[in-house]
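In: sequence and predicted structure below; questions after.
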Amino acid sequence: MSASDSSIWIPAMRRALALAERGRDGAAPNPMVGAVLLRDGRVVAEGWHHRAGAAHAEVECLRRLPQAATRGADLVVSLEPCCHHGRTGPCTELILKHGIARVVVATTDPNPLVAGQGLARLRRDGVETLCGVLSGEARELNRNFFRRMEMGRPWITLKWAQSLDGRITAQAGTRTVISSAQSRVETLRLRAAHPGLLIGIGTALVDNPRLSLVDPCHAMDGRAPHRLVLDSRARLPIDSELVRSAGAQPLTLLCGRGAPTSRVEALRARGVGVAVYPGAHVPLEWVMAQALALGLDGVLVEGGATVHAAFLAAGLVDEVRVITAPVVLGSGLPSVADVAAAARRNFRLTSRRLVGPDQWECWRPEGGR
C-alpha cells in the first residue's frame, strides 16, 4: 500500500473516527482519538481513548500485540500521535518501539506541545507519514478541542425556537411553547452534545427551566451538562428549578461585584457555584475564561435574545441553530432582530431539515473560522 495515495486509507480512517466517537463521554478535556493497525490492508487491532488519564488510542491498539505482529505494519490514527510526557508517555516512542513502518493521520494536533512535532519525530527515525486523510471530519469530531487550542475559548452554539414571523414569545415577560415535542427531544440531544449550557437571568426568571436532559416524555442518556447563568446582580431565585437541582446537576452563576453578598452566600449555601467578576458588567471574554476553567470547551447558549445578540456582536459564535415552527404569533418578542441579515452577510447555511413539523437550520460563520 502506498502512503502517497490517500484514498486507500479512507476506510481505515473512517473506522478510526468511529472508534474515537466512543470516547465522547469520557475523553474530555482530551480529544477523542481512534487508532487502527493494518497489515497488508487487513485490520489487526483497534483502540480508542476511553477517558482522560487513561491510555491513548495508540497504546490501546498496540499494547497487547508482540512486536513481531506490529513490525512493518501501518497505523491509522484520527489525530497526530503525541510526543510529550503528560499523564501518559509519548505515543511516538511506543510507535517506534513497535517498529511501525507507516503512520497515517487525519490531522495534526493543535496542542502547542505537539503541533506537528509528533510526525516530525517519527520521520526522523524513518517512519513514513501521511497527514490529511478525512481531516475535515476529524476536526469536526473534536471541534471543541480545536477551538480551545486554536482560539483559547469554548465552541459556542446559539439555539432558539421561533415562529414563522420571527417571534420567540407571544408577549415579553411570558413563556410561550413554540416548538414541537419532536423538537424538544432533539434539543435534549443537542444539549447532550455540549458540556455546558448558558442562559441569561431574563430567561431564568421567565421560563424557570431546569436545563436537564429530561423532559416530561423523554430522557436522554449522557452526562448532564454544567449549567451557567449570566446574572450580574445574583437575582436567581433560591426556589428556582435551577437552584433546587444544583446538587444533582452542576450550576454556576456568573455575576458582578455589585451582586449583594447575602444573595451570593445564600446561593452558595445551596450548592450553587458563584464566580464574581471584579466589575459591575460581566464581559463575555471573562465568561469564556470561566467556562474553560470549569472544563467546558463547548457551550450551548439557549437564551435569551439579548444574550444571543451579545454573543453575535462579540464575534464569539461558531454555530447557530434556529428552530422555526409552523405558527404565526403576530406580536410578541422577536428573536435577534438582525439575525437574518447578519446571517446572510457573515454566516452560511450548512443544513436544513424537518424535525416533526419544525424546520431546523444550522448556520456557520463564513470562512469556517
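Out: Thanks, I have it. Numbering: from 1, shown residues only.
In: how about the helices in the protein?
Out: 10-21, 57-62, 67-70, 91-97, 117-124, 135-141, 143-151, 181-192, 201-207, 241-244, 261-269, 284-293, 305-313, 339-346 (DSSP state H).
In: ranking those helices by burial, who's on top?
Out: Stretch with highest mean neighbour count among these: helix 57-62 (a mean of 25; mean count of other Cβ atoms under 10 Å). Every residue, glycine included, has its C-beta placed from N, CA and C.
In: where does pLDDT dip in the stretch 251-369 of the chain?
Out: 332-333, 337-345, 368-369 (pLDDT under 70).
In: quick check: domain ranges of this protein?
Out: 6-145, 153-365 (automatic domain parsing).
In: for Asn142, see how far away the one residue sitting closest to the centre of the chain is.
Out: For the chain, Gly298 is the residue whose C-alpha lies nearest the centre (Cα atoms, centre = their mean; 3.6 Å). Using Cβ to Cβ, to the nearest Å, Gly298 is found at 10 Å from Asn142.
In: shouldn't Asp358 be in contact with Ser183?
Out: Yes: applying Cβ atoms under 8 Å, one finds Asp358 in contact with Ser183, separated by 4.6 Å.
In: need the residues touching each of these two.
Out: Ala161, Ile323, Ala325 (Cβ atoms under 8 Å, 6 or more residues apart in numbering).
In: quick check, nearest of those to Val76?
Out: Ile323 (38.0 Å; Cβ to Cβ).
In: look up how far Arg184 lies from the nearest residue to the closest one once chain neighbours are set aside.
Out: Spatial nearest neighbour of Ile323, chain neighbours left out: Ala161 (4.1 Å); criterion: Cβ to Cβ, 6 or more residues apart in numbering. Distance, Ala161 to Arg184, by Cβ to Cβ: 9 Å.
In: check Cys61 too.
Out: Taking Cβ to Cβ, one finds Cys61 at 40 Å from Arg184.
In: re earlier: confirm for me that the residue nearest to Ile323 is in contact with Ser183.
Out: Yes: proximity of Ala161 to Ser183 meets the contact threshold set by Cβ under 8 Å, at 6.9 Å.
In: okay, Ile10: pLDDT?
Out: Looking at Ile10, its pLDDT stands at 95.
In: I figured it hits Ser135, correct?
Out: No: using Cβ under 8 Å as the test, Ile10 is too far from Ser135 to be in contact (11.6 Å).
In: ok so, going back, turn the helices of the chain into JSON lines, including distance to Arg235.
Out: Below are those laid out as JSON lines (distance: least, Cβ to Cβ, whole Å):
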{"stretch": "helix 10-21", "distance to Arg235": "40"}
{"stretch": "helix 57-62", "distance to Arg235": "46"}
{"stretch": "helix 67-70", "distance to Arg235": "60"}
{"stretch": "helix 91-97", "distance to Arg235": "49"}
{"stretch": "helix 117-124", "distance to Arg235": "49"}
{"stretch": "helix 135-141", "distance to Arg235": "38"}
{"stretch": "helix 143-151", "distance to Arg235": "30"}
{"stretch": "helix 181-192", "distance to Arg235": "24"}
{"stretch": "helix 201-207", "distance to Arg235": "6"}
{"stretch": "helix 241-244", "distance to Arg235": "12"}
{"stretch": "helix 261-269", "distance to Arg235": "7"}
{"stretch": "helix 284-293", "distance to Arg235": "17"}
{"stretch": "helix 305-313", "distance to Arg235": "15"}
{"stretch": "helix 339-346", "distance to Arg235": "27"}
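In: these: which one's closest to Leu254?
Out: Between these, helix 284-293 lies closest to Leu254; by Cβ to Cβ that is 5.7 Å.
In: tell me the angle the closest one makes with helix 143-151.
Out: Put simply, helix 284-293 runs at 120 degrees to helix 143-151, going by axes from the mean of the first three to the mean of the last three Cα atoms, to 10 degrees.
In: can you list residues touching both of Gly298 and Asn142?
Out: Counting by Cβ under 8 Å, 6+ apart, nothing touches both Gly298 and Asn142.
In: what's next to stretch 161-178, contact-wise?
Out: Residues contacting stretch 161-178 (Cβ under 8 Å, 6+ apart): 160, 179, 183, 206-207, 303-305, 322-335, 340, 358.
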